[in-house]
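A.B. asks: Below: sequence and its predicted model.
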Amino acid sequence: ELKVEQNPLFLSMQEGKNYTIYCNYSTTSDRLYWYRQDPGKSLESLFVLLSNGAVKQEGRLMASLDTKARLSTLHITAAVHDLSATYFCAVDISYSGGSNYKLTFGKGTLLTVNP
Amino acid sequence: DVKVTQSSRYLVKRTGEKVFLECVQDMDHENMFWYRQDPGLGLRLIYFSYDVKMKEKGDIPEGYSVSREKKERFSLILESASTNQTSMYLCAIGRLAGFTDTQYFGPGTRLTVL
């Protein structure tokens, strides 16, 4: 059974600081996704990481994937209040060419950026 | 823009009622999914469908059933609602394996069972 663990689950940080959210998973996969959820809203796709060493950046967020370590990171640079949200990673292991795929999600990291 | 709509944003039902949640997409994606989201538990997959009339159980299918009669619609059915089914329900869509798209989520339905 695939397990996806995020840490920390809660993160309170000051504006202007840097921090990293970690996503570990238990089974071989080279497809990992990051999502953002604002309070009361649905999930919005942030990054799709499809191979070992993949790195994607958007604004103050950068995501990377190390498939050998079964680890993805979401790095926040110079945090601003607008980044306050819950961040989820999700792993896909059913990419063998079958007709369906499904994601297993981490429990999410609630990020609060304080002035 | 991807559009995934859900029939209700908020729903209040009584224990024992039959509840229908509907999800409609306009992207012609093959896969459709139903998740529930609870605090501290993240998203858990209830059922998914990869084609019309096809369905597969997810991680927590007990107490739920689904229906997919048309490609664009995927319904989640609570045959006899119980209080432990109070939750946020999220529908998502995706393409077949082999594509690299992410899943796209609907706005969610917050269901309260009294």
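C.D. replies: Cool, the structure landed.

A.B. asks: Going by C-alpha atoms from here, please, whenever you check contacts or count neighbours.
C.D. replies: OK.

A.B. asks: ok, the strand ranked longest in chain B: who's next to it in the sheet?
C.D. replies: Ordering each strand of chain B by length in residues (DSSP state E) puts strand B:42-51 first. Strand B:42-51 has the following sheet partners, assigned by DSSP bridges: strand B:31-38 (antiparallel), strand B:54-57 (antiparallel).

A.B. asks: So which elements touch the helix or strand just after the shortest one?
C.D. replies: Going back to what we said before, that points to strand B:54-57. As assigned by DSSP states H and E, the chain's next helix or strand after strand B:54-57 is strand B:65-67. Packing partners of strand B:65-67 (3 or more Cα pairs under 8 Å, 6 or more residues apart in numbering or on different chains; DSSP states H and E): strand B:73-78.

A.B. asks: what are the pairing partners of the strand it packs on, and which direction each?
C.D. replies: Going by DSSP bridges, the partners of strand B:73-78 are strand B:19-25 (antiparallel), strand B:65-67 (antiparallel).

A.B. asks: will you turn those into CSV that also has mean pLDDT and mean neighbour count?
C.D. replies: As requested, these are exported to CSV (pLDDT from 0 to 100; neighbours: other Cα atoms under 10 Å in any protein chain shown):
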stretch, mean pLDDT, mean neighbour count
strand B:19-25, 97, 20
strand B:65-67, 97, 20
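
A.B. asks: Report how many residues lie close to residue 81.
C.D. replies: With no chain named, the answer covers chain A. 15 (other Cα atoms under 10 Å in any protein chain shown).

A.B. asks: that's the wrong chain, I meant chain B
C.D. replies: Residues within reach of B:Ala81, counting by other Cα under 10 Å, total 21.

A.B. asks: Verify the stated contact: it with B:Thr15.
C.D. replies: Yes. Between B:Ala81 and B:Thr15 a contact is recorded at 5.2 Å, counting by Cα atoms under 8 Å.

A.B. asks: shared neighbours, the two?
C.D. replies: B:Val113 (Cα atoms under 8 Å, 6 or more residues apart in numbering or on different chains).

A.B. asks: B:Thr5 versus B:Ile93, what's the distance?
C.D. replies: According to Cα to Cα, to the nearest Å, B:Ile93 and B:Thr5 sit 11 Å apart.

A.B. asks: A:Thr109 now?
C.D. replies: 26 Å.

A.B. asks: Can you name the residues that contact A:Ser45?
C.D. replies: So A:Ser45 contacts A:Tyr33, A:Trp34, A:Tyr35, A:Arg36, B:Thr102, B:Gln103, B:Tyr104 (Cα under 8 Å, 6+ apart).
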